[in-house]
Structures are given as structure tokens and as C-alpha cells.
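Asks: Take this sequence and fold it.
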Amino acid sequence: MTNWERDAKTLELPWPFTGREDELDLVRGALAAGRHGIVITGPAGCGKTRLVTEAVRGTDCARVAGTPETRRIRFAAFAHLVPETASLHGAFQHLSGVRLLLVDDAHLLDDASAALVHQLAVQGRARLLVVTTEGAPVPGAVARLWTGELLPRLTLEPLPREETARLLAGGTGAAALDPLTVNRLHRLCQGDLRLLRDLVDAVRERGLLTRVPDSGEWAWRGPVPLTPTVRERTAPVLDRTGLEERATLDRLAFAEPLPLDLDELDLRALEHLEADALVRVDDQGAVRLAHPLHGPVLRAAAGRLRARRLSRTPDQCGPALDAERAALTRRIERADVRATPTPVGEWLVAEDVPVPAGYAAVRARFARLRGELREAAAWAREGLRDGTGDPSCRLELALAAAQSGDTTAAHKILGGRPHGGGAVTRLTTARDTADRAAGSGTRDVGTGVEAAVTDDADMGVAVTDGSGTGVEAVAGGSGTGDAAVVDGSGTAVEAVRQDVGVAVEAITGDAYDAVRRGSPELAQGRLTGVFAAHAAALAQGDGPALDRVAEQLEERGFLLFAAEAHAQAVRAHRDPRAARTARTRAVALARRCQGARTPALSGLVLGELTARQRQIVTLAAAGLSNRQIAEKLTLSVRTVGNHLYSAYARLGASDRGALPWLVELPDAQPA
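Replies: From the prediction side, this is the model:
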């Protein structure tokens, strides 16, 4: 049973603490014996209070906090610790027995309280944990804590998207949110975790979540609910009283996802809005709202007639959507899948407007090459919403499932019958397509090839997972063909007819997928650039070279490929320390790949563990708690914890979340 402390600011049960493990260790280290403490700064709502609450949990800690209403009252923050009439010296003496003091919202302290905190830091009698909000005016005595080098300062960055997803997975109860909803929440909240929780609670309580077919996930589409917290955060735009300024904000909001030209707007109003950081003007004169939340809120707050007059219709976004698709395609062809803005596609999804299948397939492919497998599947489903069963979207959905280790689902998506059913695969067409793809540079990226697909409803499909986009070779109308799906390991899940198996082998036997599954000799002379370097390093068993290749792949955005290269380096390194470093990097990247399960990532070298440690780690990776493991193995809970701690240190893992990539669990899906 878990005992939760109520959140001091919201008086609600907090979400599980997620995503700040390194910062938590740093703060706890700063509060250890012989240390003087630390100052924590960061944007409002980024989780500062929760971090320090976790850091002092279970310790004897005195707490004080500043408030806006008491900034002019002497020693207001310390009213429960020192007498009302105490002098600075007297207040200092009253706190002589305090060994750990937590000062929250220190930027709101009255001057006397700020001076007292400064004196405590100078004398070093108490360890101080001081929290301030970045960008807010801070009393000089508090600012001198770090400018005078009395205490170190830690600035919290907004929670990354991957950690936001973990937080939402642990804090939304039974409602698992789909990746596009997670992306939308992360984009709107910009690291404000209080706003994130408020929005999630609102969409859930108001019944705004809809189940995504065949996924077990829930999606939020449509308007942003105007909760009190949302109104508070967007007050700078909602409370704008100037007619021209508010009209400009509304025009920009309803123009989204596209910007407006500088010449189309009132210049004086724009100057005021820019000075208040409410709009952003780029070098080409394009004007946008500065915060992603402002546009949806302004649209939701507008009256029906104003919305009807200003609203942009989805068809007006057609050229911009085509441009986004072309840009993504060029990135894939150039082997550069680093994150890039796609505001038009995201706007269509958020507004619950159908996304064209062609765009959805390219967007899914881009996400999958980045290792964002759940996101790739979500985009593919968006392209299948119209019920036409677009083959490119089905292919992407199947490949995302295969790389996540669910080859059964991949086969079902492509075939649906025991052996796939459909038409015969034409080897010559597939080979011709492969040659064209190689000539266009696609093979250099290791993205495979795609043959043209007929409209035959009873078609057969041959698919391989190559490095990414796979192969689709369909023909004929004989109705006698079968389907073959090859996952990242190159293992055929279904290969009933000999000609299908030959086709897959002929096209992809020497592609980049061979390197990924550990057969670089099959790729000799067929790859260029970083992909050729990967093949050469693997063939030579060169651990440092594999790590360098992994760094280049990560720089290009191929996170899954980079994780696999680091995992291969673990086995190639002769230096145990270098192997541990490679393993740590492989695990860190794999955790960002949304459930990837490929041969290179499975069983990341457990050989350094004792037999008992391997046994306990395997059970922990399967989801058992320390107590359950202790009961199963007839050990004490403390013994289990000690074994896990030692195993983490040897494996370079920080917590249980890393274990699925270190242990062979055929049926497990990483969280």
C-alpha cells in the first residue's frame, strides 16, 4: 500500500514522482553531512516544490514559504518559528536548533525573512534548501545566496517529452493516453506540470477522451477546456483590453496553424504585444502567437459569430500540409530525421480533422525512423480513419508493431487470415523498385523500398523491416498469394510461399537491416555514409568505432539505430568500463524509443551478474515488486533490494525502467 502526502499547494494527491531522478540525487547530495545546501530555480509549475518534497521526505525538516500577501510583514514566513517581536539576531538564535530548513517561494519572502535566510547561509549552522521561480524579482539577500557563492544553484529545465509521457502514464489512472494526445499536452503546457495535471483532469472529468480503436488507448481531440487554471495562465491574452490588440490576437489565433504576414496586422498593436512577449515575429515577417496555449484558448473563448467570421477551413491548409509532407520526405531521403516542426498536421489532429493518408504515412515513417514507435502507430491510425485501408498506412502500422516485438499484430494488420491471403508477389516488380530506390539514394539511408500497391482488396504483401520503411511488393489478382512479414531480426513470421520468401531475401538480404541484426557481411558495398561506417565497425568488432557511429546516428535523429549500435558496442568492447558506458547509452536511447524490441536491444549483456542477481533482475524486469520477489525466492525484502542495487551499478541502469532492455523477456513490453 502506498502512502501519499498531500500536495502542499493543490491539496490533492500528487502524481507519482517521475523524470527528475538525477536532480533528486544531486539535491540529496547537497543536503548530506558537511554540505551547506542548494538553491533550486526554474519556471513556474515545473515541479520544484515536488522535487524538494521528495528530497526531504522522511527527514526532520523545518519549512517556511513566502507569499505575495505577506511580503510587507516582518518575519512573516517564520511566524511559526520565531516570536513576532524578535530582532534579526534574536530570530537567528531561535533557529539555532534547526539542522535542515526548506524555504519555498523564496522570491516572495519579506525583507526580514530574506535577511534571516542569508545569515543562516553565511553562518552555515543549518543546511538550506531554497526554492525560487526563474524570472521573478528576488530579494537581494536571497539572490546573494548564489551570486555570493554561498550555495550552489540548480536550474530545472522543463520536463522532456519522454518524461512527460512517463508521468502521464503513471498519473492518469486506467486511461492510457495515445502519443498524439501526450504530444499535444506537452506542447500546450510547456513544462508547467500544474497546468498539465489541470488539463488532464478536465478532459477526463468532462468526458472529452475517446477510445482509439484496436489500441486500448484514449485520445483527446477538439477544444481546450477553459478551466480556472487555464484562464489564470492565459490571462495576459484573455484580459487584453485594447480593441486593436485583442483583435490582432484573435486574428492570429484563428489563422493557426499558419502565421499572418506583418503587413496584414496593425503595427502599433503588434509592437505592444511583442513587448509583452505575446507574439513572435520571424525574419521573414511572419507573425505567430508566442505560446502554443494561447491560440486554442482564444478560439475557445471567442463567441460563435466571431469564430464563424475568423475561422480557417481545413482545405485552406492543403498547400502548407503538402509542403510539410515534402519536407519530411526530403529529410528521410537525406538521412536526417531530427525533430522538425509539423504544425499543420498537429493542428488537424488536435481539431479532430481527418488527416490525408499520404501525409499520415510519411509522418508515421518519419516517427518510426526516429524510434518513436507508438507515435508512428498513432499517425498510421490517423491515416486509416477514413476506412479505406490505405496500404502505406497499414504497412507503417505493421512495422511499428513488429519493431515493438508484436509480430502477431503485424501479421494481423497486413493479412488478417492465418497465412495472410491475397495476390501473388511479383519478384521482378519488387526488384525494379529496389533498383529505383537505390538509385534515388533511399538505400543509402537504409530505409528499404516500397513497390506500387494495387487496389485489389485481396492482395498479398511482402514486408521487411529493413532500417525503417520496409518493402511492400504487391501484384496480380490471382487471389493465391500469401503474406510475409520480416521484423527487425529478419525472421519471417509468415513465409508460406517460396516465391515470397525469395522476393524478400533478394531485396533486403544485404540492406541495412542485416547490419542491425548482426550480419554486416550482407551489406558490403551496398551502403554509404554513416550506415556503411556502421557495417564496417561491426564487421571489425570495433567497439569504439561502433560508439562513434551511434553518436552520429543519434545526431541525425535515428535514436533506435543509435541504441542498437551502442548495444552492439557492448559486446565488442574489451574494456569493461567502456562496455558499461555503451550499455548505459544504449539503455538511455532505447527508453526514448517507445517500446522498441529488436534483437540488438534484447539481453544487453547480463554476464557480469551473479546467478542470483540475474534471477532477481529478470523478475524485476517482469514487473514484480521487491516484496513479491522476496516471497517467490524466499528472501528478505532487504536482500532483494541490495541485489538490485548492486545489479544496477554493474549494468549502468538507474531504475527498473531500464531493465526490459537488459533482460530477455519475449512477451514483455517496456513501459
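
Asks: Any stretches of the stretch 151-300 of the chain with poor pLDDT?
Replies: 170-175 (pLDDT under 70).

Asks: all helices of it, in order?
Replies: Under the criterion DSSP state H, counting those that start in this stretch, the stretch 151-300 of the chain contains helices at 161-171, 179-189, 193-205, 228-233, 235-238, 243-255, 267-275, 294-301.

Asks: How about the stretch 301-450 of the chain?
Replies: Under DSSP H, counting those that start in this stretch, the stretch 301-450 of the chain gives helices at 304-310, 318-333, 343-350, 357-369, 373-383, 391-403, 407-414, 427-439, 442-445.

Asks: Reformat the ones you listed as JSON lines; add distance to L278.
Replies: Placement of C-beta: from N, CA and C, glycine included. JSON lines is the format used below for those (distance: least, Cβ to Cβ, whole Å):
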{"stretch": "helix 304-310", "distance to L278": "18"}
{"stretch": "helix 318-333", "distance to L278": "23"}
{"stretch": "helix 343-350", "distance to L278": "18"}
{"stretch": "helix 357-369", "distance to L278": "30"}
{"stretch": "helix 373-383", "distance to L278": "30"}
{"stretch": "helix 391-403", "distance to L278": "38"}
{"stretch": "helix 407-414", "distance to L278": "45"}
{"stretch": "helix 427-439", "distance to L278": "47"}
{"stretch": "helix 442-445", "distance to L278": "41"}
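
Asks: T634 is nearest to which of those helices?
Replies: Checking these against T634 by Cβ to Cβ gives helix 407-414 as the closest, at 35.9 Å.

Asks: so how far is the closest one from its chain's centroid?
Replies: 26 Å (Cα atoms, centre = their mean, to the nearest Å).

Asks: thinking again about what came up before, nearest to H36, of the helices of the stretch 151-300 of the chain?
Replies: helix 193-205 (28.2 Å).

Asks: distance between that closest one and the chain's centre?
Replies: Offset of helix 193-205 from its chain centre (Cα atoms, centre = their mean): 18 Å.

Asks: How about stretch 398-412?
Replies: Relative to its chain's centre, stretch 398-412 lies at 21 Å (Cα atoms, centre = their mean).

Asks: can you start the count at 2 instead of 1 from here on
Replies: Will do, 2 is the new start, and the previous item becomes stretch 399-413.

Asks: quick one: buried residues of it?
Replies: Neighbour-count burial for stretch 399-413 flags 399-408, 410-413 (criterion: 16 or more other Cβ atoms under 10 Å).

Asks: Out of those residues, which two sit at the greatest distance?
Replies: Farthest pair in the buried residues of stretch 399-413, by Cβ to Cβ: Q404 and K413, 15.6 Å.

Asks: Now do the helices in the stretch 502-651 of the chain.
Replies: With helices called from DSSP H, counting those that start in this stretch, the stretch 502-651 of the chain shows them at 513-517, 530-541, 544-557, 560-573, 577-591, 612-622, 627-634, 638-652.

Asks: okay, the ones you listed in a markdown table with mean pLDDT and mean neighbour count next?
Replies: Listed next are the helices of the stretch 502-651 of the chain as a markdown table, based on pLDDT from 0 to 100; neighbours: other Cβ atoms under 10 Å:
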| stretch | mean pLDDT | mean neighbour count |
| --- | --- | --- |
| helix 513-517 | 88 | 28 |
| helix 530-541 | 94 | 21 |
| helix 544-557 | 97 | 20 |
| helix 560-573 | 93 | 27 |
| helix 577-591 | 88 | 21 |
| helix 612-622 | 79 | 18 |
| helix 627-634 | 86 | 16 |
| helix 638-652 | 76 | 17 |
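
Asks: between those helices, which gets nearest to V40?
Replies: helix 577-591 (27.7 Å).

Asks: And that closest one, how far out from the chain middle?
Replies: Using Cα atoms, centre = their mean, the offset of helix 577-591 from its chain centre is 20 Å.

Asks: on that earlier part again, tell me the one of the buried residues of stretch 399-413 nearest R613?
Replies: Out of the buried residues of stretch 399-413, the member with the shortest distance to R613 (by Cβ to Cβ) is G406, at 27.3 Å.

Asks: Tell me how far the closest one lies from L539.
Replies: 22 Å (Cβ to Cβ, to the nearest Å).

Asks: do R364 as well
Replies: Counting by Cβ to Cβ - R364 and L539 are separated by 31 Å.

Asks: before we move on, back to that, quick one: which of the helices of the stretch 152-301 of the chain is nearest T599?
Replies: Smallest distance to T599 across the helices of the stretch 152-301 of the chain (Cβ to Cβ): 18.3 Å, for helix 162-172.

Asks: helices or strands next to the closest one in the packing?
Replies: The contact analysis (3 or more Cβ pairs under 8 Å, 6 or more residues apart in numbering; DSSP states H and E) places helix 162-172 against helix 180-190, helix 194-206.

Asks: how about 7 Å then?
Replies: helix 180-190 (3 or more Cβ pairs under 7 Å, 6 or more residues apart in numbering; DSSP states H and E).

Asks: Now do the helix it packs on: which elements does it pack against?
Replies: When contacts are defined as 3+ Cβ pairs under 7 Å, 6+ apart, helix 180-190 packs onto helix 162-172, helix 194-206, strand 218-221, helix 374-384.

Asks: Kind regards, and thank you for your time.
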